[in-house]
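Asks: using only what follows, build the 3D model:
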Amino acid sequence: MLLLLLVVLLVLILIGNYQLHGHEILTPSFIYTASFVLSTIWALLYAQKWNLNLHLNSGW
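Replies: Next up is the predicted model:
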């Protein structure tokens, strides 16, 4: 559940970066955030296979 929340928040940040920089996808902040979105989606897809359990104390 926490991993899904992370994906949603990262996508919102990615959209914000896209809007903030005039719809340009080659800005460093967009590319950096997009790599995190891609990695987090990958982790979400394989969470059961990898036995990945994020807890609230993982982020704090």
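Asks: alpha carbons only for contacts and neighbour counts from here, please
Replies: OK.
Asks: in stretch 23-35, what's buried?
Replies: Neighbour-count burial for stretch 23-35, counted by 16 or more other Cα atoms under 10 Å, picks out 30, 33-34.
Asks: okay, and which of those residues map to strands?
Replies: Of those, none are assigned to strands by DSSP state E.
Asks: now Thr27. Its backbone dihedrals?
Replies: Here is the backbone geometry of Thr27 (degrees, to the nearest 10): phi -80, psi 150.
Asks: please narrow the buried residues of stretch 23-35 to those residing in helices.
Replies: Members of the buried residues of stretch 23-35 lying in helices (criterion: DSSP state H): 30, 33-34.
Asks: where's the most far-flung residue of the chain relative to its centre, which helix or strand?
Replies: Going by Cα atoms, centre = their mean, the residue of the chain most distant from its centre is Gly22, 20.7 Å out. Using DSSP states H and E, Gly22 sits in no helix or strand.
Asks: mind listing what it touches?
Replies: For Gly22, the contact set (Cα atoms under 8 Å, 6 or more residues apart in numbering) is empty.
Asks: make 504 the starting number, not 1.
Replies: OK, 504 is where the count begins now, so the last one is Gly525.
Asks: if I look at it, how far off is Phe533?
Replies: According to Cα to Cα, to the nearest Å, Gly525 and Phe533 sit 11 Å apart.
Asks: residues contacting His526?
Replies: Applying Cα under 8 Å, 6+ apart, no residues qualify as near His526.
Asks: kindly recompute the last result at 10 Å.
Replies: Contact analysis of His526 by Cα atoms under 10 Å, 6 or more residues apart in numbering lists 518-520, 533.
Asks: report the buried members of those.
Replies: If we count by 16+ other Cα under 10 Å, these have these buried: 520, 533.
Asks: from the contacts of His526, which land in helices?
Replies: Reading helices off these with DSSP H, I get 518-520, 533.
Asks: neighbouring contacts of the lowest-mean-pLDDT helix or strand in the chain?
Replies: Least confident helix or strand of the chain, by mean pLDDT, DSSP states H and E, is helix 559-562 with a mean of 73. Under the criterion Cα under 10 Å, 6+ apart, residues Leu505 lie in contact with helix 559-562.
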